[in-house]
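Peer 1: here is the input, now give the coordinates:
(2 chains)
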Amino acid sequence: MSAPYPDLACRRVVEMVTDYLEGRLDTEAQVQLEQHLVLCDACVNFIDQHRALVGALRTLAPQAASPEARQAALRAFRRVRGSDKP
Amino acid sequence: MLWSQSDTMQNVAEPSELARASPEWQLLTALRQGDETVFEAWVNQHHGALVRLAAHYVHDPAAAEEVAQETWIAFIQSLARFEGRASLKTWLFHTLLNCARNRKRRDVRSVPFSAIFDPDESAAPTVDPSCFLNQGVWAGHWAAAPRSFAQDGEDRLLQAELRQQLLLALETLPPAQREVITLRDVEGFTAEEVCDVLSLTEANQRVLLHRARARLRIAIETYFARAHAQGEAE
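Peer 2: The predicted model follows:
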């Protein structure tokens, strides 16, 4: 008996995941990877973990500036612009 | 080279008619003319991200806020000589990184050694080799299949505790990886924008992103495994 997808081991798939999600694999590698995914639920899970991670990171995006910070930046804007004038 | 070596460039090329019609040019013109409404909206949009990125360098919320304010001043001062070879957004974040790195150099004691140490590890495997079988026809395949995070409930990814875990894990990344993943995945920059801000090649950007995501994935997996074990024990 031999493994059903011998050309691409999971150990290699895990190093290809970012290139795959970024759409940067060449055609041959992409076909190989997708054939692997048809047969390997473990690697499907692994890639889903990466997708879930990226989704979770996006929710960390910060809030809008506080009124104090906005005012401080605005004061700097006026000051620098004022000193620019002849 | 996207960024001019000289920040005192005097001979600013005249933009083409097409460039002048772009939203980017209109934004630049409004800022140069002192349009406070446009500036305030721009601050609202980006200030939080500036503070978050600065916080990776100074480890003190008040200092991060100061670095962000320094950045606004440097950004406003540089508007007159902005050449439009990159977007204003990438220019703003490039300015932030300069301010933050300068601050770090002035204030090294505030940064732990681990944050400065950035080993070249680009060839090392990102998943523990013991996760894979070593011999037999299945050599190189998973010894134990990774669990889908969805099995643990995808909504849990939004929970406060997990967000905290992610923030902590971000702190432990080598600086270059942290900069890339923060801009790319937290702030939603495109790969091209990240390359512009950090002066990276596209391939290097991807390697750093890959290694950063790999480390954070392990952090979440560990968090879920622990939560799962606790749930079973209860």
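Peer 1: distance from the chain centre to stretch B:175-184, please.
Peer 2: Stretch B:175-184 has its C-alpha centroid displaced from the chain centroid by 3 Å (Cα atoms, centre = their mean, to the nearest Å).
Peer 1: ugh, wrong one, stretch B:56-76
Peer 2: A distance of 15 Å separates the centroid of the chain from that of stretch B:56-76, by Cα atoms, centre = their mean.
Peer 1: also stretch A:38-55?
Peer 2: Put simply, stretch A:38-55 sits 13 Å off its chain's centre (Cα atoms, centre = their mean).
Peer 1: go on, stretch A:33-46?
Peer 2: 19 Å.
Peer 1: for it, buried residues please.
Peer 2: Buried residues in stretch A:33-46, counting neighbours by 16 or more other Cβ atoms under 10 Å in any protein chain shown, are found at A:L33, A:H36, A:L37, A:C40, A:A42, A:C43, A:V44, A:N45, A:F46. C-beta here means a position set from N, CA and C on the backbone, and glycine is covered the same way.
Peer 1: now, which of those residues lie close to chain B?
Peer 2: A:C40, A:A42, A:C43, A:V44, A:N45, A:F46 (Cβ under 8 Å from any Cβ of the partner chain).
Peer 1: can I assume B:L88 is in contact with B:L28?
Peer 2: Yes - using Cβ atoms under 8 Å, B:L88 is in contact with B:L28, at 6.1 Å.
Peer 1: which neighbours do those two share?
Peer 2: Contact criterion Cβ atoms under 8 Å, 6 or more residues apart in numbering or on different chains; residues shared by B:L88 and B:L28: B:F82.
Peer 1: tell me which of the two has more neighbours.
Peer 2: More neighbours surround B:L28 than the other of B:L88 and B:L28, with 21 against 18 (other Cβ atoms under 10 Å in any protein chain shown).
Peer 1: and that one, what does it touch?
Peer 2: Contacts for B:L28 (Cβ under 8 Å, 6+ apart) come out as B:L79, B:F82, B:G84, B:L88.
Peer 1: for the residue sitting nearest the centre point of chain A, helix, strand, or coil?
Peer 2: The structure's chain A has its C-alpha centroid closest to A:V54; by Cα atoms, centre = their mean the separation is 5.1 Å. Classification of A:V54 by DSSP: H, G, I helix; E, B strand; the rest coil places it in helix.
Peer 1: ok, which stretches of chain B are helices?
Peer 2: In chain B, the helices defined using DSSP state H lie at B:17-21, B:23-32, B:36-58, B:61-78, B:88-106, B:113-116, B:160-171, B:175-181, B:191-198, B:202-233.
Peer 1: and the ones you listed, which one's lowest on average pLDDT?
Peer 2: If these are sorted by mean pLDDT, helix B:113-116 sits at the bottom with a mean of 42.
Peer 1: about what we covered before: got a pLDDT number for the residue nearest to the centre of chain A?
Peer 2: 94.
Peer 1: how about the contacts made by the closest residue in space to it that isn't next to it in sequence?
Peer 2: By the measure of Cβ to Cβ, 6 or more residues apart in numbering or on different chains, the closest residue to A:V54 outside its immediate chain neighbours is B:D185, 5.2 Å from it. Neighbouring residues of B:D185 by Cβ under 8 Å, 6+ apart: A:L53, A:V54, A:L57, A:R58, B:L209, B:R213.
Peer 1: need the residues you listed in CSV (columns: distance to B:R178).
Peer 2: Below are those laid out as CSV (distance: Cβ to Cβ, whole Å):
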residue, distance to B:R178
A:L53, 15
A:V54, 15
A:L57, 12
A:R58, 16
B:L209, 11
B:R213, 12
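Peer 1: of all those, which two lie farthest apart?
Peer 2: Within the contacts of B:D185, A:R58 and B:L209 form the most distant pair, 14.0 Å apart (Cβ to Cβ).
Peer 1: the two: which is more packed in?
Peer 2: Of the pair A:R58 and B:L209, B:L209 is the one with more neighbours under other Cβ under 10 Å, namely 24 against 12.
Peer 1: and the more buried one, how close does it get to A:L37?
Peer 2: B:L209 sits 21 Å away from A:L37, going by Cβ to Cβ, to the nearest Å.
Peer 1: what about chain A, any weak spots by pLDDT?
Peer 2: Applying pLDDT under 70 to chain A flags the ranges A:1-7, A:83-86.
Peer 1: quick one, helices of it?
Peer 2: Using DSSP H, the helices found in chain A span residues A:10-21, A:27-39, A:41-58, A:67-84.
Peer 1: distance to B:P174 for the ones you listed - can I get that in CSV?
Peer 2: Output for those, formatted as CSV (distance: least, Cβ to Cβ, whole Å):
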stretch, distance to B:P174
helix A:10-21, 16
helix A:27-39, 27
helix A:41-58, 17
helix A:67-84, 29
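Peer 1: list the contacts for B:T37?
Peer 2: By Cβ under 8 Å, 6+ apart, no residues touch B:T37.
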